[in-house]
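[1] here is my input; please provide its structure:
(4 chains)
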2 protein chains.
Amino acid sequence: MAVNSDMMRGMAEPVILKLLNHKKMYGYEIIKVVNEKTNNAFQWKEGTLYPCLHRLEADGLIESEWEIADNGKPRKYYTLTKKGQAEMAAKVEEWSHFAQAVNTLLFA
Amino acid sequence: MAVNSDMMRGMAEPVILKLLNHKKMYGYEIIKVVNEKTNNAFQWKEGTLYPCLHRLEADGLIESEWEIADNGKPRKYYTLTKKGQAEMAAKVEEWSHFAQAVNTLLFA
DNA sequence: TTGACATACATCGTCACTCGATGTATAATT
DNA sequence: AATTATACATCGAGTGACGATGTATGTCAA
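    Next comes the predicted model:
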């Protein structure tokens, strides 16, 4: 039930920002949570997520800090900035418009 | 209220197939109808639509024939093939899965 | 009548992104 | 000892949207 990858485009950023608005997370965790929450309709890979996280950080929407987990592995935790919160709200709004437009075209 | 172009990716094909399932249309008409129906949330351009139509025709999902309109302009009308109908149904279904996955992530 | 605008087709180069492959490293499991 | 899971990261190939550009004709107002 995997979704066409082309549809994914443009959704990674709003989804990441929304998740980080809830709590700080690290990359590998985001991949697992997204894939699980969508029952693998989304199948994110490292090659997709990490460049995206770096992009968001470069844009000042998220910040990172290293921590050592209980299992001894270093994790880079990301948190949302003020700018990121505003961007998140805008992108969620944008999704609503987009989804409504598509529904109009496909089911009207 | 224009939508991020990245979100558009993967939506052009299902939308075109759906429109052509309703009636035969020509390229310029599709652009106008889509932009109007979405209140310009979608802002399709020639550079987006025509290559997409050629792709769909090469894949055997749509067929074309020239007609001369009342205003004297030649128009290339597109119709949906049997294969295109099946693909259309599959892609609409895929959209539903995708939209639900995104809603789960953004509003849960 | 002439210039602007709409209609209608089309292509091309640039830019950006996804994905699979690959790499490094450690801990846990078998 | 080998495999799997965790966790970071990069790179190249392929894809596709978009703006710009081109061609051609019809309409309409200044």
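[2] any idea which residue sits dead centre in chain A?
    residue A:16 (1.9 Å; Cα atoms, centre = their mean).
[3] now for the longest helix seen in chain A, which elements pack on it?
    The residue-count maximum for a helix in chain A (DSSP state H) belongs to helix A:82-106. When contacts are defined as 3 or more Cβ pairs under 8 Å, 6 or more residues apart in numbering or on different chains; DSSP states H and E, helix A:82-106 packs onto helix A:12-22, helix B:5-8, helix B:12-22, helix B:27-37, helix B:82-106. (Each C-beta comes from the backbone N, C-alpha and C, glycine too.)
[4] buried residues, it. List them.
    For helix A:82-106, a neighbour-count test (16 or more other Cβ atoms under 10 Å in any protein chain shown) marks A:84, A:87-88, A:91-92, A:94-95, A:97-99, A:101-102, A:104-106 as buried.
[5] now do stretch A:57-64
    Neighbour-count burial for stretch A:57-64 [16+ other Cβ under 10 Å]: A:57, A:61-62, A:64.
[6] assign a three-state SS to residue A:67, would you?
    Counting by DSSP: H, G, I helix; E, B strand; the rest coil, the backbone at residue A:67 sits in strand.
[7] check the offset of stretch A:81-88 from the chain's centre.
    Mean-position distance between stretch A:81-88 and its chain equals 13 Å (Cα atoms, centre = their mean, to the nearest Å).
[8] the closest residue to residue A:26 other than its chain neighbours: how many residues sit nearby?
    The shortest distance from residue A:26 to any non-neighbouring residue, by Cβ to Cβ, 6 or more residues apart in numbering or on different chains, is to residue A:75 (4.1 Å). By other Cβ atoms under 10 Å in any protein chain shown, 18 other residues sit near residue A:75.
[9] neighbouring contacts of the helix or strand where residue A:75 lies?
    Element membership of residue A:75 [criterion: DSSP states H and E] is strand A:74-80. Here strand A:74-80 makes contact (Cβ atoms under 8 Å, 6 or more residues apart in numbering or on different chains) with A:17, A:20-21, A:24-29, A:53, A:57, A:61-69, A:88.
[10] how about it, does it reach DNA strand C?
    No. Interface with DNA strand C: strand A:74-80 contributes nothing (Cβ under 7 Å from any atom of the strand), its closest point being 8.8 Å away.
[11] could you give the bridge partners of residue A:68?
    residue A:74 (DSSP bridges).
[12] neighbours of it, how many?
    Residue A:68 has 9 nearby residues by other Cβ under 10 Å.
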